[in-house]
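**Student:** model the following, please.
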Amino acid sequence: MNICIFLGAGASAAENLPIQNELFSSYFKWILPKHPNSPMNRKLRDFFKEVFYIDVLNDNIDEIDFPTFEEVLGILDMADQRRESFKNFSTDKYNINNGSISLLRQYLILLTANSINNASKESNKYHQLLLNNLRKKNQLLNTTFISVNYDIHIDNTISKLYDKKKMRVMLDYGIDFANFDHKSSSWQRPVGDTIKLYKIHGSLNWLYCPVCSSITLTPYEGGVMRILNNQNEAKCLNCKEYTVPIIVPPTYFKNMSNLYLSTVWNKAETALRDADLIIFCGYSFPEADIHIKYMLKRVQTSRNNKPLKIMVVNNHKNKLLSALKKEEKRYKRFLGNDVIFTNASFQEFAENPSKYISLAFLKNPLDK
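**Tutor:** This is a model prediction of the structure:
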């Protein structure tokens, strides 16, 4: 039986990472005050003050109702597409008196990386628990993980399973890294038994070179932070030019043109088409993710084998029943009434994944 476990923000939130609506408050409260006058932080301060009337240095961060990350990036992407500007923030790079919208966009992506990386030092207890329990039931090697998260909790958990004597399983991202061709690199091309992890929105440990079009992996480390902290350490392994992040922000205007992302998406779609069961963990099925909805509908309507079983695990102790019901309606409206919508949290699923996998194949799973 082939299983796909689709990891959303709720899975990372279980490990105490900030969710989208907490990114700005987390960054401006804990990270910006350490370096308030860095070029990046000055631009972010000016932008929020002039466009959203928020003074992130002097206002009480705990009382601010920040716009969502999706809203902020969305208006920048729309301005860039329309070749329009905001006062003092222009799409025209030649105007040195204006802040560049493209630069602001990069700063917001790095803000995301910084907020997530800062919180990623916590334990990955539940990801580890999930993998250990899947392994005990001999279900791990039949499971493909698809993640929309940038953090490296699941990456590190899979990587640390490798043991030359006991378990020679390797992590497979589905793409070739520059590391594979460098003898000095500790990261080798996966062979033999592999656990596939497809990160369809990019990752904190991927550094892309726009000069030679290669991608470098920084194992066990959010290497994107090198771009902020010491850019000389964020150079391409092949041509030694500066690299950029591969992080797709949560907006309608997603750019999926990168060669490596396209490869990951193709492999994710193949894995979903071959799956007997997809389990969505911590994923709310947001309206902005039309690319994912398109892929799922293609998979759902083009299968030659049995109908695809879909299960949702996205509850948590502070979630309102009304929010859960709206979410259920959103899933079933698009994917059909056969979606098995549980009241379980990611933590509960990690503690006993086999229970939920078995539940999906009962004749009347919601009666149990």
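**Student:** residue ranges with poor pLDDT in the chain?
**Tutor:** Counting by pLDDT under 70, the ranges of the chain that qualify are 91-99, 118-122, 164-167, 363-368.
**Student:** center of it - which residue?
**Tutor:** The residue lying closest to the centre of the chain (C-alpha atoms, centre = their mean) is residue 149, at 1.6 Å.
**Student:** that one should be in a strand, yeah?
**Tutor:** No - Residue 149: not assigned to a strand; according to DSSP: H, G, I helix; E, B strand; the rest coil it is coil.
**Student:** could you pull out the helices for the stretch 151-300 of the chain?
**Tutor:** 153-159, 224-229, 259-274, 290-301 (DSSP state H, counting those that start in this stretch).
**Student:** between helix 290-301 and the third one, find me the angle.
**Tutor:** Counting by axes from the mean of the first three to the mean of the last three C-alpha atoms, to 10 degrees, helix 259-274 points 30 degrees away from the direction of helix 290-301.
**Student:** what kind of secondary structure is the nearest residue to residue 271 once chain neighbours are set aside in?
**Tutor:** Sequence neighbours aside, residue 144 is the residue nearest to residue 271 in space, at 4.3 Å (criterion: C-beta to C-beta, 6 or more residues apart in numbering). For glycine as for every other residue, the C-beta is placed from the backbone atoms N, C-alpha and C. Secondary structure for residue 144, judged by three-state DSSP, is strand.
**Student:** distance check, residue 144 against residue 20.
**Tutor:** In this structure, residue 144 and residue 20 are separated by 25 Å, where distance is defined by C-beta to C-beta, to the nearest Å.
**Student:** and what of residue 282?
**Tutor:** When distance is defined by C-beta to C-beta, residue 282 is 12 Å away from residue 20.
**Student:** same deal with residue 268?
**Tutor:** 21 Å.
**Student:** which of these two has more neighbours?
**Tutor:** residue 268 (25 against 16; other C-beta atoms under 10 Å).
**Student:** residues in contact with that one?
**Tutor:** If a contact means C-beta atoms under 8 Å, 6 or more residues apart in numbering, then residue 268 has 146, 174, 198, 200, 295 as its contacts.
**Student:** now with 6 Å?
**Tutor:** Counting by C-beta atoms under 6 Å, 6 or more residues apart in numbering, residue 268 makes contact with 146, 198, 200.
**Student:** most neighbours among those residues, which one is it?
**Tutor:** Using other C-beta under 10 Å as the neighbour definition, the contacts of residue 268 reach their maximum at residue 146, which records 27 neighbours.
**Student:** grab the nearest non-local neighbour of residue 249.
**Tutor:** With C-beta to C-beta, 6+ apart as the measure, residue 73 is the residue that lies nearest to residue 249, at 4.8 Å, once sequence neighbours are left out.
**Student:** can I get whichever strand or helix holds the one you found as PDB, trimmed to CA atoms?
**Tutor:** Residue 73 is part of helix 69-82, with elements assigned from DSSP states H and E. Presented in PDB, the C-alpha positions along helix 69-82 are these (Å, rounded to 0.1, in the frame of the first residue of the first chain):
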ATOM      1  CA  PHE A  69       1.900  37.600   5.100                       C
ATOM      2  CA  GLU A  70      -0.200  36.600   2.100                       C
ATOM      3  CA  GLU A  71      -1.700  40.100   1.900                       C
ATOM      4  CA  VAL A  72       1.600  41.900   2.100                       C
ATOM      5  CA  LEU A  73       3.400  39.800  -0.500                       C
ATOM      6  CA  GLY A  74       0.200  39.800  -2.600                       C
ATOM      7  CA  ILE A  75       0.200  43.600  -3.100                       C
ATOM      8  CA  LEU A  76       3.900  43.700  -3.900                       C
ATOM      9  CA  ASP A  77       3.500  40.900  -6.500                       C
ATOM     10  CA  MET A  78       0.500  42.700  -8.000                       C
ATOM     11  CA  ALA A  79       2.400  46.000  -8.200                       C
ATOM     12  CA  ASP A  80       5.300  44.200  -9.900                       C
ATOM     13  CA  GLN A  81       3.100  42.500 -12.400                       C
ATOM     14  CA  ARG A  82       1.300  45.700 -13.300                       C
END
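**Student:** helices or strands next to that helix in the packing?
**Tutor:** Helices and strands touching helix 69-82, as assessed by 3 or more C-beta pairs under 6 Å, 6 or more residues apart in numbering; DSSP states H and E, comprise helix 101-119.
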